[in-house]
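Asker: Sharing a sequence plus its predicted fold:
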Amino acid sequence: MLSPGAPVIVCVSGGVDSMCLLDVLAGLREQIGFPLYAAHYNHRLRGAESDGDEAFVREQCELRRIPLYVGSGDVAGEAKRRGLGVEETARTMRYVFFRELTLNLGGARIATAHNSDDNVETVLMRMVRGTGLRGLCGIPPVAGDLIRPLLCVSRAEIEGYCREHGVPHREDSSNDSDDYTRNRLRHAVMPVLRELNPSLTVLPMTELLRRDEEYLCSLARDFLRDRAPKGRVDAGALAALPFPVASRAVRALFGEKLGAVHVRAVLDLASRGGPSDRVSLPGIVVRREYDVLTAEKIGGKNFPETEIPLDKSVIIKDIGLRLTLLPWEKGGIYNSLTNFLIKRDKIKAGLSVRPRKAGDVLRLPGGSRSVKRLMIDRRIPADVRDTVPVVVSGDEVLAVFGLGQSADTLPTEGDPAVLLKIEKTEG
């Protein structure tokens with residue numbers, strides 16, 4: 001995990017695990033000879049407590065003469081915009097920050113303070129939700145640029161180290177809440193398991209399972225190298241493979257995050273499908289062309305962001321639409337899902353149309369809704385969602401073709417306005 005001259009970024013929240021890791025790596029940096037940096041991400045979820053964590057980490061890094069980089073973001077707001085859970089959004093945002101740092105610091109490795117208790121909890125969570133062999137492999141000690149130096153150490157040992165060496169830390173009040181699945185496992189399940197086995201660990205199991213997983217994946221890669229040139233796989237040969245290898249070949253070829261239902265559908269297509277059958281997977285369609293399976297990306301038909309000048313018509317050939325922007329001086333309200341009357345003062349950065357983006361929100365009269373959710377609710381097929389024009393001014397979404405218009409862009413009687421007409425072109 002550590003080597004002379006190879007920089008390391010240690011992720012420090014201020015909690016007992018990360019402060020232990022910071023202290024250990026600070027002691028090893030001179031012995032091994034590697035540059036050490038610290039990174040802290042303020043999720044702004046606990047108000048003054050979050051700011052106190054940041055101030056504490058700054059102080060501790062200054063005492064140890066470790067350069068610190070701090071990031072921050074509105075996690076709660078972003079989770080709401082994306083329609084995702086707070087935990088998932090927080091993890092995504094902080095890892096984006098950490099990986100940006102690795103680029104700025106010459107490809108540094110990222111050290112996180114996951115411990116053996118975290119590993120047990122992770123395996124249990126995956127078992128509860130339903131998982132296969134890969135999920136039972138738990139948290140890997142090394143994964144690309146990520147390293148977990150404390151993965152073989154229990155939380156009790158970490159707490160003992162900090163007491164013995166006088167390493168201060170902060171308590172996160174959210175750890176006391178049972179609102180999160182991991183906390184419920186930690187508070188209700190782990191104590192019972194510790195009674196049954198005080199030295200509880202899944203590390204030996206996960207190491208063995210990881211070797212099995214790596215071997216099966218290597219067999220799948222060998223098969224694809226020989227029987228799937230340019231992504232076209234021999235259907236009969238795929239169907240003849242043992243399921244543990246075939247399922248991994250399907251995921252390697254068509255998507256690592258495919259669920260069991262999708263994998264079974266592809267293997268059924270390979271073994272029993274007709275010469276022109278197909279199955280839909282997340283983001284792609286797998287087709288059978290006689291004895292060969294091929295994949296075609298859904299929503300591959302796209303279009304570039306296009307500015308719409310006033311008193312002009314623009315044709316976007318990729319999606320077969322003509323867009324015309326005209327001054328509007330007739331008064332009254334103009335209601336339509338395909339033509340939009342927009343207040344001039346909402347157009348602060350010109351008017352453009354583009355495909356949807358993650359986080360797009362439409363402020364409808366009944367409340368804000370994500371464009372993604374609206375498309376699902378209106379049953380817009382997945383393979384055409386990226387062809388639906390989103391009307392924007394700068395980063396602000398004003399309207400979406402076929403879905404509606406943000407309420408605060410609608411003019412009232414006498415407001416200066418423009419009319420955007422969106423029409424299908426012939427042919």
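Answerer: Yep, it's here.

Asker: ok so residue 369 is a strand residue?
Answerer: Yes - assessed by DSSP: H, G, I helix; E, B strand; the rest coil, residue 369 belongs to a strand.

Asker: In contact with it, which residues are there?
Answerer: Residues near residue 369 by CB atoms under 8 Å, 6 or more residues apart in numbering: 361, 362. The C-beta positions use only the backbone N, C-alpha and C, and glycine is treated the same way.

Asker: And for residue 423?
Answerer: Here residue 423 is in contact with 321, 322, 323, 324, 338 (criterion: CB under 8 Å, 6+ apart).

Asker: what's in contact with the helix or strand residue 123 falls within?
Answerer: Using DSSP states H and E, residue 123 falls within helix 116-129. Helix 116-129 is contacted from outside by 135-136, 138-139, 151-155, 181-182, 185-186, 189-190, 193, 200-203, 206, using CB under 8 Å, 6+ apart.

Asker: Narrow the contacts of residue 423 to those that are buried.
Answerer: Among these, those scoring as buried are 321, 323, 324 (criterion: 16 or more other CB atoms under 10 Å).

Asker: ok, residue 206 - contacts?
Answerer: By CB under 8 Å, 6+ apart, the residues touching residue 206 are 119, 123, 136, 137, 138, 139.

Asker: tell me the secondary structure for the spatially most central residue of the chain?
Answerer: Closest residue to the average C-alpha location of the chain: residue 92 at 5.6 Å, with CA atoms, centre = their mean. Assigned by three-state DSSP, the conformation of residue 92 is helix.

Asker: Give me the distance between it and residue 62.
Answerer: From residue 92 across to residue 62, the span is 29 Å (CB to CB, to the nearest Å).

Asker: what's the answer for residue 405, then?
Answerer: With CB to CB as the criterion, residue 405 and residue 62 are 52 Å apart.

Asker: So which of the contacts of residue 423 belong to strands?
Answerer: Judged by DSSP state E, strands contain the following of these: 321, 322, 323, 324.

Asker: now the helices: where do they sit in the stretch 201-350 of the chain?
Answerer: Under the criterion DSSP state H, counting those that start in this stretch, helices of the stretch 201-350 of the chain are mapped to 203-227, 235-240, 243-254, 260-272.

Asker: From residue 60, how far out is residue 18?
Answerer: 10 Å.

Asker: Touching both of these two, which residues are there?
Answerer: Residues touching both residue 18 and residue 60 (CB under 8 Å, 6+ apart): residue 12.

Asker: Quick one: the strands in the stretch 1-150 of the chain, in order.
Answerer: Under the criterion DSSP state E, counting those that start in this stretch, the stretch 1-150 of the chain contains strands at 8-11, 36-42, 68-72, 109-111, 142-143, 146-147.

Asker: All set, thanks.
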